[in-house]
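In: For reference, the sequence and a predicted model appear below.
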Amino acid sequence: MRSVPSIVHLDLDAFFAAVEQRDKPSLRGKPVIVGGVGTRGVVATASYEARVFGVRSAMRTAEARARCPHAAYLTGRFAAYRITSRAVMAVLREISPLVEPVSLDEAYVDLAGDATRDLSTAGVEELATALKERVREVTGGVTASVGAGTSKLVAKIASDLRKPDGLLVVEPGTETDLLHPMPVGRIPGVGPATAERLRRIGVHTVGELARAGEPDLVAALGQAHGHGLARLAMAEDDRAVVPLRESKSISAEDTFEHDIVDPALLAAIIDRLGTRVSERLTRERLSGRTVTVKIRLFDFTTYTRSATLAGPTDDVRVVNRLARRLLAEVDTSAGVRLLGVGVSGLADWVQEDLFGSAADVDLVDPRPRGASDVELVEAVGRPPAAREHRTAPTGPGTGDGPGDGPTSEQRVPREPEPPRWAPGQDVIHTAHGPGWVWGTGLRRVTVRFETAATGPGPVRTFATDDPDLAPYTPLTWDPGLRVSPKARPASPAR
DNA sequence: TCTGGGGTCCTAGGACCC
DNA sequence: TCTGGGGTCCTAGGACCC
């Protein structure tokens, strides 16, 4: 355990909503809700003005609309969030190379590497105060809450306690004084299910958790969780700040506005998701061995089916073919609400580096537990070494031609076109300049012509297919809140 | 118009190997 | 012939986080 508060946790306040308020001046000081705007959407982030009405993350958007009908409901602009996040992470790396991003809006920093630094409570407070100001500068006004302490746990809880726009450095030695009165749910990793199990053995606060015997906790929660929580409750946390975490899986999923029954359409969607995942794998120079399909039925029952290839791949044909087979293992006739495709077992190199053609990796591990009614192209034993694999025979169904998929011969269904305009989206008009989609109707789209630089601007309505209106991507910001001159329309109207 | 999308980690059971 | 135990890999599901 450290003796100085050298771990810092930074959390950007209501991050997505804050970026929207920065870029859409008419929304500043008003309730803003970012998330899914459809009937099955949920809230990703609510601005503090919206939280007053009880709107919370993960709440259904329908409920948020009931609680706060006058809020602006926007779909996310992740490119903008990513750019802003990158600027913040760069500021953190100016302080220390040991920066561990947790998500776009959260990171840990380890200050301990630099022996010359003043790591007294006052010294860290001073550093954190300057950090908050720097973050505000480079983000164009987004505020952060900062916590610091002798461990990740304490730093994280400290930043939570001072949200929003706050700062707390926990004096070394006082950690358990801070933690013990708190409800157990404040510990990251204790969600509703764990809290309920703890309640059943009479544990409600962190203090009670600390006094509970570890054997009881292990009995109630399992080895890893029980042991881990027993330690955290006593503020024993030696988890390191890890700058570069390698990803372990890549996935894509979609929830549909209406349940889908048509098997051909489901297969087409699986292909689209598999393609998204494969493209990401290729772009990030990764490949993986295990393909997983996730199927959520109309009633929310959720199945996953996975299979492991003999060798890693990023080949869209291999991923899609296997994903379709896995989809066929589940009875989807009652209606599917969500489909997902994921690839895990990632290797840091692409399959072509070790194996020859894509066809060679189309070998699925046999599933000796039987039960699978899909025809496996070729049953192999335990994952063979790369060498053996090279000579593996190519079976039928290896190509990408029609007939490979169970339904592709019947017809190629068209997926419903996604709406062309989404609330919150950046657009540009040849006459009026840059703005954002304020509202959408069946034939009309309403645009507010304002940017962070111009201040609140007028609203105009256009036909949805107006050729003068186009999607727009402001490529960069400068810290002075201006859309840079390099900004350009993203693409001609689709 | 109940319940997103991207992840991580853990558990448990069966197969299989030594 | 019978009784085993440990370790690893794989699959399915669940809890949790942001």
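Out: Now that the structure is in, tell me what you want to look at.
In: in chain A, which helix or strand is least confident?
Out: Taking mean pLDDT, DSSP states H and E as the measure, the helix or strand of chain A with the lowest value is helix A:386-390, at a mean of 30.
In: same for the next helix or strand after that helix, what does it pack against?
Out: Beyond helix A:386-390 in the direction of the C-terminus, DSSP states H and E gives the next helix or strand as strand A:426-429. If contacts are counted by 3 or more Cβ pairs under 8 Å, 6 or more residues apart in numbering; DSSP states H and E, strand A:426-429 sits against strand A:433-440, strand A:469-473. All C-beta spots, glycine's among them, are computed from the backbone N, C-alpha and C.
In: Could I get those in JSON lines, plus columns for mean pLDDT, distance to A:Gly202 and mean neighbour count?
Out: Rendered in JSON lines, the data for these read as follows (pLDDT from 0 to 100; distance: least, Cβ to Cβ, whole Å; neighbours: other Cβ atoms under 10 Å):
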{"stretch": "strand A:433-440", "mean pLDDT": "94", "distance to A:Gly202": "52", "mean neighbour count": "20"}
{"stretch": "strand A:469-473", "mean pLDDT": "92", "distance to A:Gly202": "55", "mean neighbour count": "19"}
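In: between those, which gets nearest to A:Val109?
Out: Each of the helices and strands packed on strand A:426-429 was checked against A:Val109 via Cβ to Cβ, and the shortest separation belongs to strand A:469-473, namely 30.4 Å.
In: The closest one vs strand A:433-440, what angle?
Out: In this structure, strand A:469-473 runs at an angle of 110 degrees to strand A:433-440, with axes from the mean of the first three to the mean of the last three Cα atoms, to 10 degrees as the basis.
In: Strand A:469-473 - which strands sit beside it in the sheet, and in what orientation?
Out: Based on DSSP bridges, the pairing partners of strand A:469-473 within the sheet are strand A:426-429 (antiparallel), strand A:488-489 (antiparallel).
In: just flag whichever of those strands has the lowest average confidence.
Out: When the strands paired with strand A:469-473 are ranked by mean pLDDT, strand A:488-489 comes last with a mean of 42.
In: Up against DNA strand C, what does chain A have?
Out: Within chain A, the residues that sit near DNA strand C (Cβ under 7 Å from any atom of the strand) are A:58, A:102-106, A:156, A:187-195, A:289-290, A:292, A:302-308, A:329, A:345, A:365, A:367, A:382-383.
In: so A:Val203 sits in a strand?
Out: No. Secondary structure assignment (DSSP: H, G, I helix; E, B strand; the rest coil) places A:Val203 in coil, not in a strand.
In: is it true that it touches A:Ile187?
Out: No. Shown here, A:Val203 and A:Ile187 do not form a contact pair, counting by Cβ atoms under 8 Å, at 11.3 Å.
In: any common contacting residues for those two?
Out: Counting by Cβ atoms under 8 Å, 6 or more residues apart in numbering, the common neighbours of A:Val203 and A:Ile187 are A:Leu209.
In: Tell me where chain A is predicted with low confidence.
Out: With pLDDT under 70 as the threshold, chain A has low-confidence stretches at A:349-412, A:475-494.
In: The closest residue to DNA strand C within it - how many residues pack around it?
Out: The shortest separation between chain A and DNA strand C is 2.3 Å, found at A:Gly191 (distances taken as Cβ to the nearest atom of the strand). Around A:Gly191 there are 10 other residues, counting by other Cβ atoms under 10 Å.
In: likewise A:Arg283?
Out: Going by other Cβ under 10 Å, the residues that sit close to A:Arg283 add up to 9.
In: Over to A:Ala144?
Out: Neighbour tally, A:Ala144, other Cβ under 10 Å: 29.
In: excluding its backbone neighbours, what's nearest it?
Out: Using Cβ to Cβ, 6 or more residues apart in numbering and skipping residues adjacent in sequence, the residue nearest A:Ala144 is A:Val135, 4.7 Å away.
In: tell me which residues in the helix or strand harbouring the one you found are buried?
Out: A:Val135 is part of helix A:121-139 when elements are defined by DSSP H and E. In terms of neighbour count (16 or more other Cβ atoms under 10 Å), helix A:121-139 has its buried residues at A:Thr121, A:Val124, A:Glu125, A:Leu127, A:Ala128, A:Leu131, A:Lys132, A:Arg134, A:Val135, A:Val138, A:Thr139.
In: Equivalent analysis for stretch A:261-270, please.
Out: Residues of stretch A:261-270 classed as buried: A:Pro263, A:Ala264, A:Leu265, A:Leu266, A:Ala267, A:Ala268, A:Ile269, A:Ile270 (neighbour count, 16+ other Cβ under 10 Å).
In: does the last one really touch A:Leu339, like I thought?
Out: Yes. With contact defined as Cβ under 8 Å, A:Ile270 reaches A:Leu339; the gap is 6.1 Å.
In: what's the distance between the residue nearest the centre of chain A and A:Leu209?
Out: Chain A has A:Ser103 as the residue nearest its centroid, 7.4 Å off, counting by Cα atoms, centre = their mean. Relative to A:Leu209, A:Ser103 is positioned 26 Å away (criterion: Cβ to Cβ, to the nearest Å).
In: same check, this time on A:Phe298
Out: Using Cβ to Cβ, we find A:Phe298 at a distance of 39 Å from A:Leu209.
In: Tell me which of the two has more neighbours.
Out: In this view A:Phe298 and A:Leu209 are compared by other Cβ under 10 Å, and A:Leu209 has more residues nearby, 24 against 14.
In: what's the nearest residue to that one if we skip its chain neighbours?
Out: The shortest distance from A:Leu209 to any residue that is not its chain neighbour, by Cβ to Cβ, 6+ apart, is 4.0 Å, and that residue is A:Ala233.
In: try A:Pro188
Out: The shortest distance from A:Pro188 to any non-neighbouring residue, by Cβ to Cβ, 6+ apart, is to A:Lys156 (6.1 Å).
In: How many residues are close by that neighbour?
Out: Burial of A:Lys156 is recorded as 22 neighbouring residues (other Cβ under 10 Å).
In: Output the contacting helices and strands for the helix or strand containing A:Leu339.
Out: With the criterion set as DSSP H and E, the secondary-structure element containing A:Leu339 is strand A:336-347. Packed against strand A:336-347, as judged by 3+ Cβ pairs under 8 Å, 6+ apart, are the following elements: strand A:249-260, helix A:263-283, strand A:287-297, strand A:302-313, helix A:316-327.
In: can we see that at 6 Å?
Out: If contacts are counted by 3 or more Cβ pairs under 6 Å, 6 or more residues apart in numbering; DSSP states H and E, strand A:336-347 sits against strand A:249-260, helix A:263-283, strand A:287-297.
In: how about the ones you listed, which one is nearest A:Gly147?
Out: For A:Gly147, the closest of these is strand A:249-260, at 29.4 Å, according to Cβ to Cβ.
In: All set now, cheers.
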